[in-house]
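Trainee: From the sequence below, what's the structure:
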Amino acid sequence: MSHLVQLASEEIQNPLLPPIPELVIGLIAFAIVFGVLAKKLLPNINKVLEERREAIEGGMEKAEAAKTEAESVLEQYKAQLAEARHEAARLRQEATEQGTAIIAEMRAEGQRQREEIIAAGHAQIAADRKSAATSLRQDVGKLATDLAGKLVGESLEDHARQSRTIDRFLDELEEKAEAAR
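Mentor: Here you go, the predicted structure:
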């Protein structure tokens, strides 16, 4: 029964509250562990956190600087692109003007060559007509004198008179031909 009394006396103690000596030893051990952690581990943790914060802030500053630089480079590229487009438009306009000038020049040159060819053709036709008229005049004159000589029965050998007669006859023919036109 003594054993039961002893169990009954232990039951009176609250199971949630540890015995006082264990509580004191636990508090001392906790204070030692807390002191060691506070002196050794906490400064290292704070140092790592501070370095990380500085790295993040530095990264953000670098990112902001990079963003600003990228924006300025983009503006430069946009300005260069606008300038290149303007230059391309100017070159196109210049090429169009040069093409128009070349076409006009070639037309003028073609017109000039055409007129030269036409003038040369007219001159050649006039020269051929004159040559043909001279040749025809001589042939007609010879035939006319031969015919007149056969009709008259004598030879018309006097060249000066023969030439005047032929010229008069041909001039009359030309006047009649021009009057008929």
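
Trainee: counting contacts, what elements does the helix or strand hosting residue 110 pack onto?
Mentor: Assigned by DSSP states H and E, residue 110 belongs to helix 42-152. With contacts taken as 3 or more Cβ pairs under 8 Å, 6 or more residues apart in numbering; DSSP states H and E, helix 42-152 sits against helix 159-180. In short, each C-beta sits where N, CA and C put it, glycine included.

Trainee: Rounded mean pLDDT for the helix it packs on, please.
Mentor: Taken as a whole, helix 159-180 has an average pLDDT of 73.

Trainee: can you start the count at 674 instead of 1 from here on
Mentor: Got it, the first residue is 674 from now on, which makes the last one we talked about helix 832-853.

Trainee: From the chain's centroid, how far away is that helix?
Mentor: Centre-to-centre, helix 832-853 and its host chain are 75 Å apart (Cα atoms, centre = their mean, to the nearest Å).

Trainee: go on, stretch 799-819?
Mentor: That offset, for stretch 799-819, works out to 69 Å (Cα atoms, centre = their mean).

Trainee: try stretch 783-791
Mentor: The answer for stretch 783-791 is 38 Å, by Cα atoms, centre = their mean.

Trainee: and if you look at stretch 793-803?
Mentor: 54 Å.

Trainee: With just CA atoms, put the helix or strand where residue 701 lies into CSV.
Mentor: Following DSSP H and E, one finds residue 701 within helix 693-709. Provided in CSV are the C-alpha atoms of helix 693-709 (Å, rounded to 0.1, in the frame of the first residue of the first chain):
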residue,chain,number,x,y,z
ILE,A,693,11.8,23.1,-10.4
PRO,A,694,15.3,21.8,-10.7
GLU,A,695,14.7,20.7,-14.2
LEU,A,696,13.2,24.0,-15.1
VAL,A,697,16.2,25.9,-13.7
ILE,A,698,18.6,23.7,-15.6
GLY,A,699,16.5,24.1,-18.8
LEU,A,700,16.5,27.9,-18.4
ILE,A,701,20.3,28.0,-17.9
ALA,A,702,20.8,25.8,-20.9
PHE,A,703,18.5,27.9,-23.0
ALA,A,704,20.3,31.1,-21.9
ILE,A,705,23.7,29.6,-22.9
VAL,A,706,22.4,28.4,-26.3
PHE,A,707,20.7,31.8,-26.8
GLY,A,708,23.8,33.6,-25.9
VAL,A,709,26.0,31.5,-28.2
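
Trainee: Return the angle between stretch directions for it and helix 715-825.
Mentor: 40 degrees (axes from the mean of the first three to the mean of the last three Cα atoms, to 10 degrees).

Trainee: who touches helix 693-709?
Mentor: Helix 693-709 is contacted from outside by residue 691, using Cβ atoms under 8 Å, 6 or more residues apart in numbering.

Trainee: same question for it, mean pLDDT?
Mentor: Per-residue scores along helix 693-709 average to 91.
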